[in-house]
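Colleague: my questions concern the predicted model and sequence given below.
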Amino acid sequence: MEESPGMNPKIPEFHPQVYQPEEDTYLLLSAVAKEIRNSDTVLEVGTGSGVIAQACSERAARCIATDVNPHACRMAHSMGVEVVRTNLYDGLKGPFDLILFNPPYLPTAENERIDDWLEYALDGGPDGRAVICSFASGLHRILKPYGRVLLLVSSLTGIHETRELFAENGFISCIVSEKTTEGEQLVVFRITRDLCRLK
């Protein structure tokens, strides 16, 4: 487990239908520790076990988490996280200062689908970017004008392609953290509005 300065997450009780903290979780958590401000209102989309949201709630002014998986919501709630069961950020008003997302990014063909709750944490569609695309399309509505997004992406998903996707939606991005594990490159993007494109 990689240490995250200033953020010491609790480890929740295991549930087989919830994505458990892995290398990607701790890479994102490490980036969050460097980015988060005490005055931030934070949204974690797809909280899973609740590890990141729980750590954020100790540092930020307020942290809300979402997940579509009822088992994940119960797990996060047991960690003391303020959690809403919804798809991505549907129904939330915002806006938020900081939005976090470790999306389902595994490229998944129709015949590879396992059709259970855990799949929501893994299945990124045929190119691995289906959920990321949905996330990006409505981001302007819930992100403050000078807000920031930390998004974890894998080389399996297409790092350059993901960057282009956000650029097309009016955002700029830079890599703030990365790690190679088992032949897969993991990166954390810091994403902000492209203010030059605002009218």
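Modeller: Structure's in. What do you need?
Colleague: and the longest helix along the chain, how far out from the chain's middle?
Modeller: Longest helix in the chain, counting residues (DSSP state H): helix 23-35. Mean-position distance between helix 23-35 and its chain equals 10 Å (Cα atoms, centre = their mean, to the nearest Å).
Colleague: and it, what's its mean pLDDT?
Modeller: For helix 23-35, mean pLDDT is 95.
Colleague: cool, stretch 136-151 as well?
Modeller: Per-residue scores along stretch 136-151 average to 96.
Colleague: which elements pack onto the longest helix of the chain?
Modeller: Applying 3 or more Cβ pairs under 8 Å, 6 or more residues apart in numbering; DSSP states H and E, one finds that helix 23-35 makes contact with helix 51-57, strand 96-101, strand 143-154, strand 171-181, strand 184-193. Glycine gets a C-beta too; all of them are placed from N, C-alpha and C.
Colleague: where does the chain have low pLDDT?
Modeller: Within the chain, the stretches with pLDDT under 70 are 1-6, 8-13, 106-126, 197-199.
Colleague: can we see that at 80?
Modeller: Applying pLDDT under 80 to the chain picks out residues 1-14, 105-128, 195-199.
Colleague: would you point to the one among the helices and strands packed on helix 23-35 that's packed deepest?
Modeller: Of all the helices and strands packed on helix 23-35, helix 51-57 has the most neighbours on average by mean count of other Cβ atoms under 10 Å, namely a mean of 26.
Colleague: run the chain-centre distance for it.
Modeller: Computed by Cα atoms, centre = their mean, the chain-centroid distance of helix 51-57 equals 12 Å.
Colleague: what's the following helix or strand after it?
Modeller: Going down the chain from helix 51-57, the next helix or strand is strand 62-67, by DSSP states H and E.
Colleague: any buried residues in that following strand, and which?
Modeller: Buried residues in strand 62-67, defined by neighbour count with 16 or more other Cβ atoms under 10 Å: 63-67.
Colleague: let's have the helices and strands packed on helix 23-35 in JSON lines, adding distance to Val32.
Modeller: Formatted as JSON lines, the helices and strands packed on helix 23-35 follow (distance: least, Cβ to Cβ, whole Å):
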{"stretch": "helix 51-57", "distance to Val32": "6"}
{"stretch": "strand 96-101", "distance to Val32": "6"}
{"stretch": "strand 143-154", "distance to Val32": "6"}
{"stretch": "strand 171-181", "distance to Val32": "10"}
{"stretch": "strand 184-193", "distance to Val32": "9"}
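Colleague: and of the ones you listed, who's closest to Ser137?
Modeller: Ser137 lies closest, by Cβ to Cβ, to one member of the helices and strands packed on helix 23-35: strand 171-181, at 11.2 Å.
Colleague: for that closest one, give me every contacting residue.
Modeller: 23, 27-28, 30-31, 34-35, 136, 139, 149-151, 163, 166-167, 185-194 (Cβ atoms under 8 Å, 6 or more residues apart in numbering).
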